[in-house]
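>>> Here is my input; please provide its structure:
(one chain, ligands or ions: 2)
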Amino acid sequence: MNHFLQLTDITRDQGQWLMVRAAELKRMQHRGEPHPTLAGKTLAMIFDKASTRTRVSFEVGMYQLGGHALFLHASTTQLGRGEPVEDSARVLSRMVDGVVIRTFGHDVVERFAAHASVPVINALTDWSHPCQILADVMTFEQHRGNISGKTVAWVGDGNNMAHSWINGASVFGYQLRLACPEGYLPDAGLMAQAKSEGASIELTQDPRVATDGADLVTTDVWASMGQEQEQAAREQAFVGFQVNGTLMALAKPTALFMHCLPAHRGEEVCAELMDGPQSVVWDEAENRLHAQKALLELILNQ
Ligand code: CP
Ligand code: NVA
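Ligands and ions are numbered 1, 2, ... in the order given. Next comes the predicted model:
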């Protein structure tokens, strides 16, 4: 693996290794044991969109691994003034050991990776958010054991998170049921490709069908970053897609609730569920740190 632009850039074995290593790194960090496996390594982090969890987890993660991370926002780099992505990739490759990018078009990350000679990690694009699924699978497995064969219900927008859950079904072997309203479906080609690779993926427009008997129920905001002007129209389109106690009651009694955050209580999730006993959203957020540290070891120690 050179780059981590999609979950399918890792093999099933690498996915398993990441989960084991992330749990070890979490134990070491909680015990206060130093683990400087990336001493002397540097990571450039380019952000064209807002972030709390992703930025902090990569930056703190690199520090804890003995390396250093540089936060580069579009507004203060030459990229923001129009320097070509390809030139920036060549230049940064001569100075740092890896690059993390959060941006709008997925093509930007692909073009950067094509011209970089160091590994590139997708930290969210309009198309996908693979790092989040590493933390989500880790969180499920820490609470409920192996996710392979379990049923994951996605309720909401067929967005970047939905796409990464689709890719994750091939790598981690869970059965995915997506409930999305008409007009907000995930990419049909991506679903077809995942199914052709053996992934178990079903699409419905009824959240109750997706949630019935599920082991994990997850959702995301109705309007993602860059779609703020569509908020009102999306609120109309997503009526009936809120994850709340009534919907959650259809899942297994042991089912967990996850949300990548930030969340809008009262829209895609009701406050009682988000803050209730089935919710593991804070573990999920913390596990961004541990899962990405394992990913950094895998990708920067090649
Ligand atoms: N879930 C997630 O990626 O959060 P941030 O936007 O805060 O990085
Ligand atoms: N779908 C959301 C995820 C945020 C982590 C967005 O792209 O804004």
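>>> where does the chain come near ligand 2, residue by residue?
Remark: the part of the chain in contact with ligand 2 comprises 124, 129, 159-161, 220-221, 224-225, 260, using CB under 6 Å from any ligand atom. Using the backbone N, CA and C atoms, a C-beta is placed for each residue, glycine as well.
>>> Same list (those) but as TSV, adding distance to ligand 1.
Listed next are the residues of the chain next to ligand 2 as TSV, based on distance: CB to the nearest ligand atom, whole Å:
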residue	distance to ligand 1
L124	6
H129	6
N159	12
N160	10
M161	8
D220	9
V221	10
S224	10
M225	8
C260	4
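>>> Please flag which of those sit within strands.
The strands, defined by DSSP state E, take in nothing from these.
>>> so where do the strands sit in the protein?
Residue ranges of the strands in the chain, as given by DSSP E, are 42-47, 68-73, 98-102, 120-122, 151-155, 175-179, 200-204, 216-219, 256-259.
>>> mean confidence for the first one?
Same thing as strand 42-47. In this model, strand 42-47 has an average pLDDT of 98.
>>> residues in contact with it?
Strand 42-47 is contacted by residues 55, 58-59, 62, 67-74, 77, 79, 88, 92, 95-103, 123, 296, 300 when judged by CB atoms under 8 Å, 6 or more residues apart in numbering.
>>> got it, and the third one?
Contacts of strand 98-102 with the rest of the structure, by CB under 8 Å, 6+ apart, involve 41-49, 51, 54, 58, 89, 92-93, 108-109, 112, 116, 118-125, 296, 299-300.
>>> rerun that using 7 Å as the cut-off
By CB atoms under 7 Å, 6 or more residues apart in numbering, the surrounding residues in contact with strand 98-102 are 43-49, 51, 54, 58, 92, 109, 112, 116, 118-124, 299-300.
>>> ok, back up a step: buried ones among the contacts of strand 42-47?
55, 58-59, 62, 67-73, 77, 79, 88, 92, 96-103, 123, 296, 300 (16 or more other CB atoms under 10 Å).
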